[in-house]
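Colleague: Build me a model:
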Amino acid sequence: MSWISRSVAPASRARWTSSDRTWQSIDAGLNYAGVIIAVLVGIGALGIDFTNLAIVLGALSVGIGLGLQNIANNIISGVVLLVERPIKAGDWVSVTGHEGFVRRINIRATEIETFQRTHVIVPNSVFLQNPVINRTYSDTSSRVDILLTVGLGTDVAKLETILRESALNQPRVLRVPQPIIRFVRITPAGLEFELFVFVAKLEDRLIVSNDLNRTILARLIEEKIVDPKAATEFKLRDLDRLAEVLRDYPATDHAAPPPPG
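Modeller: I've put the predicted structure just below:
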């Protein structure tokens, strides 16, 4: 019997409230405004005529456009992220192979903290040009998947009862939606099952996965569905045919030839 629990353990993180996310967006917006005001004040302090400045910028627009294209794209993308808010600080996201929690949306890039506690700096334009998985877009609930393989002679109804009772006995498992049990397939190795349970908080995934595995194992041993002391069994086929072939095979003399001289 074997089973696999698929549950990603999120790194320790501060609890982000809606107020925290709002203030983070306001702070980022003020940074944008501060940069623009600082540039305008600097130009005014230098006494540069805006008419002449427009002519100069027009002449250099091609070069500046090519050199600052990516930077401008990321800055504009950052404004779009703050306005539309497809992602927010504290969200669990996955984009271009990077998965973790959004720590901060800056002017040019967004900081993501992975589950290995490393920080990935992702350009803001990546979030608008690629599909983004936001696991906490509407709420923080999540699902824990457990894969289970038992012997071919297992009572299916009895096993489903054990899985359902084990899931409902976990205080962190939601009753709505209810746990889902699926009989996947019949294989030479045994009967494959899947158990899906739902939790209210992402932080509970690892705890629920661990507790469910322990509970299910104890119940399967108690009901004698699995034997923890059973030895691994090896089966060799066609032994009689092999013996017959070896018996009819002519004996040969494999003695080494005498040395020369």
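Colleague: hey, let's count contacts and neighbours off CA atoms from now on
Modeller: Noted.
Colleague: Verify the contact between V197 and V176 for me.
Modeller: No - contact criterion CA atoms under 8 Å: V197 and V176 do not qualify, at 9.7 Å.
Colleague: neighbour-wise, which of those two wins?
Modeller: Neighbours per residue (other CA atoms under 10 Å) separate V197 from V176, with V197 holding more: 27 against 9.
Colleague: What is the helix or strand encompassing that one packed up against?
Modeller: Using DSSP states H and E, V197 sits in strand 190-199. With contacts defined as 3 or more CA pairs under 8 Å, 6 or more residues apart in numbering; DSSP states H and E, strand 190-199 has these neighbours: strand 142-150, strand 180-187.
Colleague: wait, which of the ones you listed is closest to E165?
Modeller: strand 180-187 (11.2 Å; CA to CA).
Colleague: Could I get the CA-only coordinates of that closest one as PDB?
Modeller: The C-alpha coordinates for strand 180-187 follow below in PDB (Å, rounded to 0.1, in the frame of the first residue of the first chain):
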ATOM      1  CA  ILE A 180     -14.300  14.000  -2.100                       C
ATOM      2  CA  ILE A 181     -13.300  10.400  -2.500                       C
ATOM      3  CA  ARG A 182     -12.500   9.100  -6.000                       C
ATOM      4  CA  PHE A 183     -11.900   5.500  -7.100                       C
ATOM      5  CA  VAL A 184      -9.300   6.200  -9.800                       C
ATOM      6  CA  ARG A 185      -8.300   2.900 -11.400                       C
ATOM      7  CA  ILE A 186      -7.400  -0.800 -11.100                       C
ATOM      8  CA  THR A 187      -3.800  -1.600 -11.700                       C
END
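Colleague: picking up where we left off before, return the angle between stretch directions for the strand holding V197 and strand 180-187.
Modeller: Calculated by axes from the mean of the first three to the mean of the last three CA atoms, to 10 degrees, strand 190-199 forms an angle of 160 degrees with strand 180-187.
Colleague: what pLDDT, on average, does the helix or strand following strand 190-199 get?
Modeller: Beyond strand 190-199 on the C-terminal side, the first helix or strand identified by DSSP H and E is helix 205-222. Mean pLDDT, helix 205-222: 94.
Colleague: Stretch 244-254 now?
Modeller: For stretch 244-254, the per-residue pLDDT averages 63.
Colleague: And for stretch 186-198?
Modeller: What stretch 186-198 shows for mean pLDDT is 94.
Colleague: And stretch 150-165, by the same measure?
Modeller: For stretch 150-165, mean pLDDT rounds to 94.
Colleague: Nice, that's everything, thank you.
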